[in-house]
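**Student:** Next one to model:
(2 chains)
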Amino acid sequence: MTLVQRWRTRGLTVLTYVIVIIYLVPALWMVLTGFKTESQAYSSIPTLLFKPTLSQFKLAFQSGFGGYLTHSLMASLISTGIALVLGIPAAYVMVFHMPYKSSRNTLFFVLSTRFMPFAAIIVPLYILYTHLHLLDTITGLVLVYTSMNLPLIIWMGRSYFLDIPHGIIEASRIDGCSPWQSLLKVALPLSSSGITASALLAIIFAWNDFFFAVNFTFTNVPTLPIMVSSFMTSESLFISKLSALGTLVTIVPVALGLYAQRHLVRGLTAGAVK
Amino acid sequence: MAMRQVEPEALMSLNKVDTSKKVRNPLRTWMHLPAILYLVLLTQIPFLYALWTSLHSWNLLEPALGKPFVGFANYSYELLHDPEFWPVVENTGKLIFGSLVVCIVVGTMLALLLHRAFPGRNLLRTVIIIPFLITPSVSAVVWKNLILSPSFGLINWVVTTLGGQPVPWLSRFPMLSVIGITSWEWIPFFVLVLTAGLQSVPDEIIEAAHVDGANGATVLWRIVLPFLRHYYEVAVLLGTIFIFQTFGKIYIATAGGPGILTTTLPYYTYQVAFQHWAVGQAATIGVFGVILAIIFAQIMVRYFTRGVEGAE
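**Tutor:** Numbering: from 1, shown residues only, chains lettered A, B, ... in the order given. I've put the predicted structure just below:
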């Protein structure tokens, strides 16, 4: 490697770091602002060096964070649980039991339900929810989040089951396993890391939802994204408190997503890219 | 003799085709039915109900008027008489197209930069996903109050430091601002997909091109990028579908304004449904959204069919 080449390589590395850091500034700035006092946050020259304070996080906690957190946890965990219970057997059947053609048709149906714009069903669901008294209930949120996450679980599960050799499932069947036993004792253990990742992605999707939460919840079961937006309208002059709250809300999806990062592409592209 | 040597191979390859395409384990089972039933109940039935609603004049604020059947009057009103409908469709197109352009350009650049071997590459590849994971309503709040705000925003601090005047970004350049926020969220998705693509380019091809005397730019332009076509298609199709759904960012950052400059189809559906309570009309706008989505889905279904038959 010549000297010029070496400097070019170093230059590109520095450039990469600079671009990535600039790209991440909004996220970094949020976290940093959360540790500031309001007057530091509102200085016209951005403060980088300051004595960090946890008081904004305490204030965010005291503004009813626990209640919103409970609703978010319940809605995302229960919906993901139901999506797994319904979706994994479906994915298993699609890979190991269905004729090729109906498996493909089922996949198309599943994909099409996920890619239908949510706005198309918000009105009818709202009217149905009014009649069924599901507005502003955890059950109402769980129902829509399950229908949002079921396709994700099915296509990710399918994509991981496809990696299992058919012979293994065939052998378990010859040994006398019912389809449920083959699924639970053979297929699931072989694809556990992939299935875990798809569950984490489902939790993230439900956790981050704003559209259904803002239209279907009012005072009983608002979730954390609703807390963030109502905080902004009612207390727009408290940006470090807002930043502290934003940081708290974001910890869960960021942690789960980074944990499952190897599986993100497969999950988001319905297995088209592995 | 030659025939016999070929025979076992031919048989093996026949078997291979057979196992992948044959009726798999033919045991009858209902294990998939609950999931299908659930999706039909929660997505197809409501959609049929939306179609029915769209054929009626129905305002929840005026129960006395009832919900008379009006045929396709809601549709003709939207297409011909609603002064906001076409601007809203145009806004939706601008948001999707603008965000895709930014995501493709920045995503390609970052994917290429992060493909080189250098110290800390894995760390950067990990942290770059974060904006995609951040709750979208949180990133909208952060962009609005910490980054784009005319008085305390970071961007205006840079602008004024360089001697410029502070710019009220969200009111002066509303669509560009929303495109910026949306792209910020979706760039990691493009980086992830394109990185997977770059990793699948065989090294031998690139080495061969270098041996043949091609320089870096030629290799990138003539070999690597064409090789990534499949990955760009996936990213653009899915990006289109997901960005089309953008709602929270608009709700929080601009509320569709100023005027209707950043009102897109999902946000317009929301406004008509939950601010004017004209549910018949809102259902109609929702149906138009589905028609647009079906056009994309058609392209995509064709695409995934190819994937299913080819890759597996």
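**Student:** Tell me who's in contact with the most centrally placed residue in chain A.
**Tutor:** Residue closest to the average C-alpha location in chain A (C-alpha atoms, centre = their mean): A:Ile204, at 1.5 Å. By C-beta atoms under 8 Å, 6 or more residues apart in numbering or on different chains, A:Ile204 lies in contact with A:Val252, A:Pro253, A:Leu256, A:Gly257, B:Leu133. In short, each C-beta sits where N, CA and C put it, glycine included.
**Student:** tally of neighbours for the residue in the stretch 101-250 of chain A positioned nearest to chain B?
**Tutor:** Closest to chain B within the stretch 101-250 of chain A is A:Phe210: 3.3 Å, counting by C-beta to the nearest C-beta. Other residues near A:Phe210 number 22, with proximity taken as other C-beta atoms under 10 Å in any protein chain shown.
**Student:** pLDDT wise, what is it at?
**Tutor:** Looking at A:Phe210, its pLDDT reads 95.
**Student:** With adjacent residues omitted, what lies nearest to it?
**Tutor:** B:Gly248 (3.3 Å; C-beta to C-beta, 6 or more residues apart in numbering or on different chains).
**Student:** I'd assumed A:Phe211 was in contact with the one you found.
**Tutor:** Yes. Between B:Gly248 and A:Phe211 there is a contact at 6.7 Å, judged by C-beta atoms under 8 Å.
**Student:** higher neighbour count, the two?
**Tutor:** Between B:Gly248 and A:Phe211, B:Gly248 has the larger neighbour count (other C-beta under 10 Å), namely 26 against 23.
**Student:** so what's the closest residue to A:Leu162 other than its chain neighbours up against?
**Tutor:** Distances taken as C-beta to C-beta, 6+ apart place A:Val95 nearest to A:Leu162, at 5.7 Å, with adjacent residues excluded. By C-beta under 8 Å, 6+ apart, A:Val95 lies in contact with A:Ser103, A:Arg158, A:Phe161, A:Leu162, A:Ile164, B:Arg24.
**Student:** and the residue nearest to A:Phe210, what is it in contact with?
**Tutor:** Taking C-beta under 8 Å, 6+ apart, we find B:Gly248 in contact with A:Phe210, A:Phe211, A:Val214, A:Pro225, A:Ser229, B:Pro136, B:Ser137, B:Ala140.
**Student:** Point out the ones among the residues you listed that are inside helices.
**Tutor:** With helices defined by DSSP state H, the entries of the contacts of B:Gly248 inside them are A:Phe211, A:Val214, A:Pro225, A:Ser229, B:Pro136, B:Ser137, B:Ala140.
**Student:** which one in the residues you listed is the model shakiest on?
**Tutor:** A:Ser229 (88).
**Student:** Confirm for me that that one is in contact with A:Val214.
**Tutor:** Yes. Between A:Ser229 and A:Val214 there is a contact under C-beta under 8 Å: 7.2 Å.
**Student:** what touches both of those two?
**Tutor:** With C-beta under 8 Å, 6+ apart as the test, A:Ser229 and A:Val214 both reach B:Gly248, B:Tyr251.
**Student:** any idea which helix or strand comes after the helix or strand hosting B:Lys249?
**Tutor:** Secondary structure from DSSP states H and E places B:Lys249 in helix B:248-253. Next along the chain after helix B:248-253, taking DSSP H and E as the criterion, comes helix B:265-274.
**Student:** Do that following helix and chain A come into contact?
**Tutor:** Yes. Using C-beta under 8 Å from any C-beta of the partner chain, helix B:265-274 reaches chain A at B:Leu265, B:Pro266, B:Thr269, B:Tyr270, B:Ala273, B:Phe274.
**Student:** I'd like those written out as TSV, with distance to A:Pro179, pLDDT and neighbour count added.
**Tutor:** Formatted as TSV, the residues of helix B:265-274 next to chain A follow (distance: C-beta to C-beta, whole Å; pLDDT from 0 to 100; neighbours: other C-beta atoms under 10 Å in any protein chain shown):
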residue	distance to A:Pro179	pLDDT	neighbour count
B:Leu265	43	92	27
B:Pro266	40	93	25
B:Thr269	42	93	27
B:Tyr270	43	94	25
B:Ala273	43	90	24
B:Phe274	45	91	16
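**Student:** excluding its backbone neighbours, what's nearest residue 168?
**Tutor:** This is for chain A. A:Ile168 sits nearest to A:Val186 (C-beta to C-beta, 6+ apart), 6.2 Å away.
**Student:** Sorry, I should have been clearer: chain B.
**Tutor:** B:Pro150 (4.3 Å).
**Student:** Tell me the backbone dihedrals of the one you found, please.
**Tutor:** Taking degrees, to the nearest 10, you get phi -60, psi -30 for the backbone angles of B:Pro150.
**Student:** Would you agree it is in contact with B:Phe173?
**Tutor:** No. Using C-beta under 8 Å, B:Pro150 makes no contact with B:Phe173, being 11.8 Å away.
**Student:** Tell me how many other residues crowd A:Gly176.
**Tutor:** Quick note: A:Gly176 (other C-beta under 10 Å) scores 7 neighbours.
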